[in-house]
Every structure is written in structure tokens, then in C-alpha cells.
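Undergrad: task: produce atomic coordinates for the following.
(chains A and B)
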Amino acid sequence: MRAPQPDAEFLMRDTTSHPPAYTPAYKTSVLRSPRLALISLQQSLSEVTAPVFRADELGPLDNDLILNYAKNGMPIGERIVVHGYVHDQLGRPIRNALVEVWQANASGRYRHKKDQYIGTLDPHFGGCGRMLTDENGYYAFRTIKPGPYPWRNRVNDWRPAHIHYAISGDGWVQRLVTQMYFEGDPLIRSCPILGVVPSAEQIRGLIALQDIGAFVQLDSRAYRFDIVLRGQRATLFENHVQKSAPGARS
Amino acid sequence: MSGPTPRRHGLSGPSAAPGGSDPVVRRETASQTAGPYVHIGLAPHAAGFDIFANNFGPLLVDAKTKGERIRIEGRVFDGIGTVLKDVLIEIWQANAAGKYAHPADHQPGKKIDPHFRGWGRAATDFDSCVYAFETIKPGVVEGRNGRFMAPHVNAWIVARGINMGLNTRIYFSDEAEANAKDAVLNLIEWEQRRKTLVAERLAKKDKTGTTVYRFDIRLQGENETVFFDV
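TA: Numbers count the residues shown, from 1 in each chain, chains lettered A, B, ... in the order given. Below is the predicted model of the structure:
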């Protein structure tokens, strides 16, 4: 009986697509970054499987940040739809991916007990949502455009307006956390967190573009943001060859 | 359209993907830090408010889950030994039979436990700084080339100051024989680093009679935890 190999494996992560761990311009990374090299391993079932999520685990307003915390009123700010596709590097749609998002309100204030920024809380805005991608890898949510806010990196650093994302995939190694920025925001050029992304192409990949084709008349504007997770392919022929080579079983 | 421009791979021969033409290998979307307010999106109760009817959290078991109940807990430290309060950890593991609840797991003779998905998420507590998971001890999973892996839990760690999620594995101190043969532990050439992946079984059970394993994570410096490039 053939030893079980993973059905699929994921392409080696291209570390040049990502910020390194140690990025002194983003000061908190200095003491929270490993100094020793990551140890590479070949993927097993632990790496290529991942939790499977179901639609019945989410509520009907979970992807509507305009309504999902509103008490008798509506949040203040610019109404927007944000949508796009989650695919892998080889173009496969990621179906039933869990997409979780969180953000500040229109004033740049987060609903978090540790946020002391003077911008006011909005009683009708929570700032989080979640959804599953469909069979085409498509997701969509509705929200209020977040405002920029100051943070204690250098004394006068300001984050550009952004929405945080956490995305699951078909395999554990695809799990990703990132941030989406908005086309045309002048704070983008001076942000130390966005600035540690190591190429202009990769920075562009984090900037959502205005999507006039999805504007809802007399209601909301829209932004398009696509996400690419690590590529998955069928386990290659070599693994079967290794199995029958002398001494292959260790 | 947003997203990275697809980059042509330059292949003119047979494709790497079955039945396709030349693959266009795009670049993975860049990672960014989860930031200090990660709880808002991933653990709203820890941020201080209630919003979702169903909350994902650190309890992986229900009354009918098969297996030995365990608690995995610990603290996370930075490079000068500061204990961190704003870290979020997720775990992914096999069930008590050693089966992952995922269609790619074809290990023969093992069944999915309908009362166990095997995934959980915990935030370090803002006061005690401790994170904790209530789960079951995973069974052994077949690894590559027919070797069994020692029982382990896969962990992913995100926080302010961490630009890309850190991957590690949690092994168990009472599985010394299996650990000694584990292929992944054995590929860590610095033997003294292997112990950073072994959770210590505490002598005393907790007040509910559950076995507790302690697993501290050191992001940098002395006894830095082994992190993997998966």
C-alpha cells in the first residue's frame, strides 16, 4: 500500500514577497522578530490541511459593518462596498475561505479597550466583519471608510486609512494576515508599516482601487481588492519515484 | 484591478499544473502586521465588546469529543524577556485518532470526529498574559514516506510587531520516545533548540481534573522558539 503523501503541496513561500521580520523603521518589530533563521520543512498533512468553515457558523449581518453593530441609528462616514477575489498563485479560486476584517471608524478610532485616540467612538459602529468566499473565490462586504490615525512609532506617524484582513485557505500554510489601503491616500507614501513591504509591485498589491462598476446608486461607492494565497498543485511525480528507490523508506 | 500584476513565468515547455497551458505564477499578497487591535476582528470579547452570535475561540471540544482532555497554556516573551499582552495564537491539530478534519487526509482506518474540528484561537490575557486552549491530545499522524510524526499541535502566532505570522509546532514532554523519532524535530540540527518545541506536562492537573501542558513562546534571544518556514 502506498504511503500516504499529501494530495497536494503548496509552492515554497517566496520570502521576497513579504516584509522581513526585523524592520527597524517599524519599531515594535525590533524586539519581536526572531534572530535565528526559520527552519524549512517539507509539507506533510499538518501543513496541507486546514480548518473547513461553514456558512451556518456566520450570521446574516456578519459581512455588513454598516448594520452589524447599529443600535437605533446608523454609523457616520462614507458608505463603501469592498469586494474581490481570493485566488492562489496558480489562479485557482479559494472556495469557502474565511475572510475576517477589522478597522477603525470614520474618525480613525478603534472600538478596543486599549485605544486612547481622541477621535470619537461611533455608538453604531463595531468595526469587524467576516464572510466566506463563494465557489469563484469571490467575497464582498459593506462598511464605512475608516479614517487614518496616529500611532506611537515616531512621534508624528499616522497610519493611512486601512482595513485589516485575516484569510484562511485550503491548507494551513496559506493562512495570511494583511492590510488593505485605499487608492489615492497621500499617507501611503510615508507609512513605515506599508514601507517595509520590499517592492513597489507588492505595495501596489495592497492598495484597493476605486471600482466605479460596483457603485450602488445614491447609496455606496466601492473598492476592489483581490488577494493571492500560496499556490497549490498536485503532489509531483518525484514523490512516487522516491518511494520505490532503494533505501527510500527511512 | 487591484492585486499584483500576474507575472509571466517564461515557461515554453510542459506546464507544472495538470491539463493547463503555461502557468502564470502570481506573487502571494504581502503580509502585514495584525496590529495591536487584532482582537477586534478575531476575538471581539477580548477587545471589550460583543457582536457575533457565534465566536471562534480557544475551546476546541464539546461534551462528545473523543480523546484525553488537555489544556495547553503559556506566555509569550520578546527579545528582552518582556511578557507580551497583545498576541493572538491559532492552533490546528488532528483528532485523538490522528486524523485531520480535512478532505486531503486519506489515512486509512481513521475517522473524522464530528465533534472536533481541530482549530482554535486564543489571545494572551491583558492581565495575566497567559493564553490557554482547551483541547484533546492529538493522535499520531502519518508523515512523509510512511513515518509517523510524534503527536503535535501546529501553531500560528500574530501580533503587533510581527510582520508575518510565525509558524511553530507544540510537541508533548510525555512523548519522549515518539519525539526522539520525529522527522521534523530531527531536522533541527541544533539539538539544544528542539526542547523549545516541547510543552511540559505539569505535575498537577487543573481544578477540573484536566492535564495541563505549559508551552511558552520566546520570539527572540535566549531559548528562542524554533519557527518554521512551511
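
Undergrad: contact partners for the residue nearest in space to the middle of chain B?
TA: Among the residues of chain B, the one closest to the centroid is B:A155, at 1.6 Å (C-alpha atoms, centre = their mean). Contact partners of B:A155, counting by C-beta atoms under 8 Å, 6 or more residues apart in numbering or on different chains, are B:I89, B:E90, B:I91, B:W92, B:N167, B:T168, B:R169, B:I170. In this view, the C-beta of every residue, glycine as well, is placed from N, C-alpha and C.

Undergrad: and it, that's in a strand?
TA: Yes: counting by DSSP: H, G, I helix; E, B strand; the rest coil, B:A155 is found in a strand.

Undergrad: pLDDT score for it?
TA: Here the pLDDT value assigned to B:A155 is 98.

Undergrad: if I look at it, how far off is chain A?
TA: 10 Å (C-beta to the nearest C-beta, to the nearest Å).

Undergrad: ok, back up a step: now, the contacts of B:A155 that are in strands?
TA: B:I89, B:E90, B:I91, B:W92, B:N167, B:T168, B:R169, B:I170 (DSSP state E).

Undergrad: now these as a markdown table including neighbour count and pLDDT?
TA: A markdown table is the format used below for the ones in strands among the contacts of B:A155 (neighbours: other C-beta atoms under 10 Å in any protein chain shown; pLDDT from 0 to 100):
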| residue | neighbour count | pLDDT |
| --- | --- | --- |
| B:I89 | 27 | 98 |
| B:E90 | 23 | 98 |
| B:I91 | 21 | 98 |
| B:W92 | 24 | 98 |
| B:N167 | 21 | 98 |
| B:T168 | 22 | 98 |
| B:R169 | 23 | 98 |
| B:I170 | 23 | 98 |
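
Undergrad: got JSON lines for these, with distance to B:L202 too?
TA: Shown next, in JSON lines, are these (distance: C-beta to C-beta, whole Å):
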{"residue": "B:I89", "distance to B:L202": "19"}
{"residue": "B:E90", "distance to B:L202": "23"}
{"residue": "B:I91", "distance to B:L202": "18"}
{"residue": "B:W92", "distance to B:L202": "23"}
{"residue": "B:N167", "distance to B:L202": "25"}
{"residue": "B:T168", "distance to B:L202": "20"}
{"residue": "B:R169", "distance to B:L202": "20"}
{"residue": "B:I170", "distance to B:L202": "14"}
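
Undergrad: of those, which are in range of chain A?
TA: Counting by C-beta under 8 Å from any C-beta of the partner chain, the subset of these that neighbours chain A consists of B:E90, B:W92, B:N167, B:R169.

Undergrad: rewinding a little: kindly indicate which of the ones in strands among the contacts of B:A155 lies nearest chain A.
TA: B:W92 (5.2 Å; C-beta to the nearest C-beta).

Undergrad: so what's the closest residue to the closest one other than its chain neighbours up against?
TA: Distance criterion C-beta to C-beta, 6 or more residues apart in numbering or on different chains; nearest residue to B:W92, sequence neighbours excluded, is B:N154 at 4.6 Å. B:N154 makes contact with A:S46, A:E47, A:W172, B:I91, B:W92, B:Q93, B:N167, B:T168, B:R169, B:I170, according to C-beta under 8 Å, 6+ apart.

Undergrad: cool, B:F227 as well?
TA: A:P34, A:L38, A:I39, B:L166, B:N167, B:T168.

Undergrad: would you list every one of the strands in chain A?
TA: Taking DSSP E as the criterion, chain A carries its strands at A:8-10, A:39-40, A:79-88, A:98-102, A:128-132, A:138-144, A:149-151, A:157-159, A:162-167, A:176-182, A:207-210, A:221-224, A:227-229, A:232-234.

Undergrad: out of the ones you listed, nearest to chain B?
TA: strand A:98-102 (2.9 Å).

Undergrad: for the nearest residue to A:T143 once chain neighbours are set aside, list the residues it contacts.
TA: Leaving out its chain neighbours, the residue that sits closest to A:T143 by C-beta to C-beta, 6+ apart is A:L65, at 3.8 Å. For A:L65, the contact set (C-beta under 8 Å, 6+ apart) comprises A:P75, A:V101, A:Q103, A:F125, A:G126, A:G127, A:C128, A:G129, A:F141, A:R142, A:T143, A:I144.

Undergrad: the fourth one and A:P146 touch, don't they?
TA: No: with contacts counted by C-beta atoms under 8 Å, A:F125 stays clear of A:P146, the gap being 9.8 Å.

Undergrad: who touches both of those two?
TA: Common neighbours of A:F125 and A:P146 (C-beta under 8 Å, 6+ apart) are A:N105, A:A106.
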